[in-house]
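Trainee: Any chance you can model this:
(one chain, ligands or ions: 1)
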Amino acid sequence: MKLLVTGGCGFLGSHVCEYFHKLGWQVIAYDNMTKFETSRIEFGDQDKIRNYNKDFLKELGICIVTADICDKECLISWAKGCNVIINCAAQPTMTLSETNPRKDFETNVTGVVNLLETAHKYNIPLALCSSIHVYGTGINDNVVEANDHYEHIPILINENYPILTGEITPLHASKRCAEIYGRMYSETYGIKVATFRLTGIYGERQFGSEDHGWVSLLAIKTMLGLPIQLIGNGKQVRDILYVTEAVSAFDMWIKAGCPSGIYNIGGGADNIISVLQCIKQLGYLFNKEQVITKGGARRGDLLYFACDTQKAFDAFGWKASITPEIGLTGLVRWLKECKAIFNA
Ligand SMILES: NC(=O)c1ccc[n+]([C@@H]2O[C@H](COP(=O)([O-])OP(=O)(O)OC[C@H]3O[C@@H](n4cnc5c(N)ncnc54)[C@H](O)[C@@H]3O)[C@@H](O)[C@H]2O)c1
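Mentor: Next comes the predicted model:
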């Protein structure tokens, strides 16, 4: 079996590559090394951080191709003979999408259309990564503020919930646009295309930035004793998902025959945590006092999201099971092991 993982040297992509390589698949990690997520990290050895996941995959003997998903001919040449394509390549942040909406569009829409054309050419099933942000900030109008978190009724939100409500950013537009193209290629050309609407993912090999990988960013700042600046009041809630569980969603989707559709992929009811609760848990795990400062709210920020994942369960039997207590312990262990990169 042969797998093309675009964005393979990113956080999620590198875990997808590692997992399928260990299952015995021939894996190609295709990445242009833009590494949007590391471009604003203000601590540590920048080069080592940028190349950490690439070097990790190289050690495993995985084939690495430094190329862009906007280069359709290159994509087509590397996809030949593949059984599945998983796209983790993206411009993943709201703030950078506002700074450069064209780059956001080219990566998240043009790149995805290239992948769809490639998948169509060879009739290869394709999995795309979207985001729970496509539901929009209208959800914020229905939250109730509690002591250290927001609440929402219903607790879990499914795929029938209205989308793009409230104010949208370029990232909302590009991610939703890619979803629509995915559906169109599936319905028009009969190829199998799944879009995973992912919640906040966390775990080893994630180098968090301001609005992408917030769990890791909080953990790194706690470890280094750096001040933690809250965005808003810190009561924002997510059903965080440990990275290996996101990988298992791809695995189970493939085993079920790659059913087309849009699926919420998140931690669900057992993994709901607010930023403040997460900071507290990390302080405990590192056994460190944290300095917390207040910052302004961010445009487009969702105050609450927790996924109803019943649709993914019905289609391919997937449900999250790793709790933040276990997942955060894994993240903290890894950070302590490679602390030197962050201290540099
Ligand atoms: N990490 C999360 O919490 C989270 C949450 C919701 C959705 N997602 C989505 O999951 C996907 C993977 O996220 P991630 O956290 O691994 O992101 P990441 O930034 O760690 O990885 C993305 C990778 O894509 C590569 N890339 C960017 N533009 C490219 C291009 N034009 N051609 C080839 N490669 C390119 C980057 O170099 C990077 O290695 C993204 O679509 C993201 O929007 C992630």
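Trainee: Grab the nearest non-local neighbour of whichever residue of the chain sits closest to the ligand.
Mentor: For the chain and the ligand, the shortest gap (CB to the nearest ligand atom) falls at residue 10, measuring 2.0 Å. From N, CA and C alone the C-beta is placed, and that goes for glycine too. The shortest distance from residue 10 to any non-neighbouring residue, by CB to CB, 6 or more residues apart in numbering, is to residue 88 (5.5 Å).
Trainee: Tell me if I'm right that that neighbour and residue 8 touch.
Mentor: Yes. Shown here, residue 88 and residue 8 form a contact pair, counting by CB atoms under 8 Å, at 6.9 Å.
Trainee: Same drill for those two, tell me which one is more crowded.
Mentor: residue 8 (30 against 27; other CB atoms under 10 Å).
Trainee: Report how many residues lie close to residue 23.
Mentor: So residue 23, with other CB under 10 Å, has 11 neighbours.
Trainee: Which residue ranges of the stretch 201-344 of the chain form helices?
Mentor: With DSSP state H, counting those that start in this stretch, the ranges of helices along the stretch 201-344 of the chain come out as 214-224, 243-255, 275-286, 310-316, 324-337, 339-343.
Trainee: Please identify the most buried of the ones you listed.
Mentor: Across the helices of the stretch 201-344 of the chain, averaging neighbours per residue (mean count of other CB atoms under 10 Å) puts helix 214-224 on top, at a mean of 22.
Trainee: Run the contact check for that one versus the ligand.
Mentor: No. Figure legend: helix 214-224 not in contact with the ligand (CB under 6 Å from any ligand atom); closest approach 8.0 Å.
Trainee: just for the stretch 101-250 of the chain, where's the confidence low?
Mentor: By pLDDT under 70, the stretch 101-250 of the chain contains no weakly predicted segment.
Trainee: those strands in it, which residues are they?
Mentor: Ranges of strands within the stretch 101-250 of the chain are 126-131, 143-145, 150-152, 193-198, 201-202, 228-230, 237-239, 241-242, based on DSSP state E, counting those that start in this stretch.
Trainee: Show the residue spans covered by the helices in the stretch 1-150 of the chain.
Mentor: Using DSSP H, counting those that start in this stretch, helices in the stretch 1-150 of the chain cover 11-22, 46-60, 72-79, 94-99, 101-105, 111-122.
Trainee: As a markdown table, those with mean neighbour count would be great.
Mentor: Below are these laid out as a markdown table (neighbours: other CB atoms under 10 Å):
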| stretch | mean neighbour count |
| --- | --- |
| helix 11-22 | 23 |
| helix 46-60 | 17 |
| helix 72-79 | 16 |
| helix 94-99 | 18 |
| helix 101-105 | 17 |
| helix 111-122 | 22 |
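Trainee: As a markdown table, those with distance to residue 166 would be great.
Mentor: Output for these, formatted as a markdown table (distance: least, CB to CB, whole Å):
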| stretch | distance to residue 166 |
| --- | --- |
| helix 11-22 | 26 |
| helix 46-60 | 34 |
| helix 72-79 | 34 |
| helix 94-99 | 13 |
| helix 101-105 | 18 |
| helix 111-122 | 24 |
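Trainee: Tell me which of those sits nearest to residue 169.
Mentor: helix 94-99 (4.7 Å; CB to CB).
Trainee: Return the distance of the closest one from the chain's centre.
Mentor: Helix 94-99 sits 16 Å away from the centroid of its parent chain (CA atoms, centre = their mean, to the nearest Å).
Trainee: average pLDDT across it?
Mentor: Helix 94-99 shows a mean pLDDT of 93.
Trainee: what's across from the residue nearest to residue 8 when sequence neighbours are not counted in the sheet?
Mentor: Distances taken as CB to CB, 6+ apart place residue 29 nearest to residue 8, at 2.7 Å, with adjacent residues excluded. Taking DSSP bridges as the rule, residue 29 bridges to residue 5, residue 64.
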